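Novice: Predicted coordinates and the sequence they were generated for:
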Amino acid sequence: MNVPKVSVIMPVYNTEKYVAEAIESVLVQTLVDWELIIVNDGSTDNSLQIVEVFAKLDKRITIVSQENGGLSEARNTGLNLAKGEYIYFLDSDDEIIPNALAQCVDQCDHLLLDFLFFDAKTKYEMGANIANSNFEYLRTITIPDTVSNGLSSICDLLANNEYFSSACLIFIRHSYIKENNFSFLKGILHEDELFTTSLFLYANKVMYLPMQLFIRRLRSNSIMTSSISRRNVDSYFVVASKLKNLVQYTPTFKQAVDLYLTKTLNAVLWKAHRLSLKDRLSIFGIVRKEWSSYIDLKTYIILLVKKYLPA
């Protein structure tokens, strides 16, 4: 069986405007030894017809279709099919620069890394009405080109406010995923938060490559730019519970998990002031009962009364 160097996993759901560009960014890679696994997650637009055209032209492209189950299920399907030595997740409305895969393979092969993480460029869709345009994926404090274990690395990233959880910013050795049985948790939003944080906690050798290898497209009505909902907050609570459970089995994770939960939960609750009073009171009760040790007093005030303060 031919084992490609890299398996690129691309979930597709109703991205007919962008999926061709995403695929083309893989086709022009300077590294040619790859497979592209496209998981059509129940698209109802012309996405499937578009990707089928590409699959007929390049035998390295495989398409599998399934009923819509969300990003986690689509990525897990791709992982189950992947044969490559390395795994890279690329969303179907984003792109990678032409030498991205080659750069990652060179570093990971040479240094025997569990994974490599890097930066991104941001591409704003013309005419998009994006409420918060502060989406930056460029680290300026983190020390580059230094191999360390994942636990110390995530602590440094969190302390520097340079921890980005997107799975599209990580290039992973496939055997590392298999050995630790990593997968994406189904049924929640923000599945990258749990997946990526877990990758860091268990890794022996990781490195930051200070290059913008990934191009993230920001568009209206995407998961990234949509207004916060109660489901967003509840999903973060699920992630927090899963990570806290890991500490029970591996106490050495405590410092990193505590730092992650403090920064993440406070940030989420600051955004949650936009929700209804009923939801905010419910969230307040959950936080007071389960997460109070991580929450600042100012965050409680923002959650409960900011909506009523003058701008």
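Specialist: Nice, thanks for sending it over.
Novice: Now do the domain split for this protein, please.
Specialist: 6-218, 230-308 (automatic domain parsing).
Novice: Tell me which of those sits most buried.
Specialist: domain 6-218 (a mean of 18; mean count of other C-beta atoms under 10 Å). C-beta here means a position set from N, CA and C on the backbone, and glycine is covered the same way.
Novice: Run the chain-centre distance for it.
Specialist: Its chain's C-alpha centre and that of domain 6-218 lie 7 Å apart, by C-alpha atoms, centre = their mean, to the nearest Å.
Novice: end to end, how far does stretch 239-257 reach?
Specialist: In stretch 239-257, first residue to last residue: 11 Å (C-alpha to C-alpha, to the nearest Å).
Novice: meant to ask about stretch 153-167
Specialist: Using C-alpha to C-alpha, the two ends of stretch 153-167 sit 16 Å apart.
Novice: Could you find the closest non-adjacent residue to the residue nearest the centre of the chain?
Specialist: In the chain, the residue lying closest to the centroid (C-alpha atoms, centre = their mean) is residue 166, at 2.3 Å. Spatial nearest neighbour of residue 166, chain neighbours left out: residue 192 (5.5 Å); criterion: C-beta to C-beta, 6 or more residues apart in numbering.
Novice: Below-threshold pLDDT in the stretch 101-250 of the chain: ranges please.
Specialist: Applying pLDDT under 70 to the stretch 101-250 of the chain picks out residues 126-135, 219-226.
Novice: Would you map the strands across it?
Specialist: 115-124, 170-173, 206-218 (DSSP state E, counting those that start in this stretch).
Novice: now those strands in TSV, with distance to residue 80?
Specialist: Output for those, formatted as TSV (distance: least, C-beta to C-beta, whole Å):
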stretch	distance to residue 80
strand 115-124	19
strand 170-173	15
strand 206-218	24
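Novice: Isn't the residue nearest to the centre of the chain up against residue 119?
Specialist: No. Under the contact definition of C-beta atoms under 8 Å, residue 166 does not touch residue 119, with a separation of 10.7 Å.
Novice: In terms of helix, strand or coil, where does residue 29 fall?
Specialist: Assigned by DSSP: H, G, I helix; E, B strand; the rest coil, the conformation of residue 29 is coil.
Novice: if I pick it, what's in contact with it?
Specialist: For residue 29, the contacting residues are 96, 98-102, by C-beta atoms under 8 Å, 6 or more residues apart in numbering.
Novice: mind listing which of the residues you listed are in helices?
Specialist: 100-102 (DSSP state H).
Novice: need the helices for this protein, in chain order.
Specialist: 19-27, 47-57, 71-81, 100-111, 150-159, 174-180, 191-202, 230-249, 254-271, 277-286, 297-305.
Novice: and of those helices, who's closest to residue 213?
Specialist: helix 100-111 (4.0 Å; C-beta to C-beta).
Novice: residue contacts, residue 280?
Specialist: Residue 280 makes contacts with 272-273, 303-304, 307, as judged by C-beta under 8 Å, 6+ apart.
Novice: Many thanks, we can stop here.
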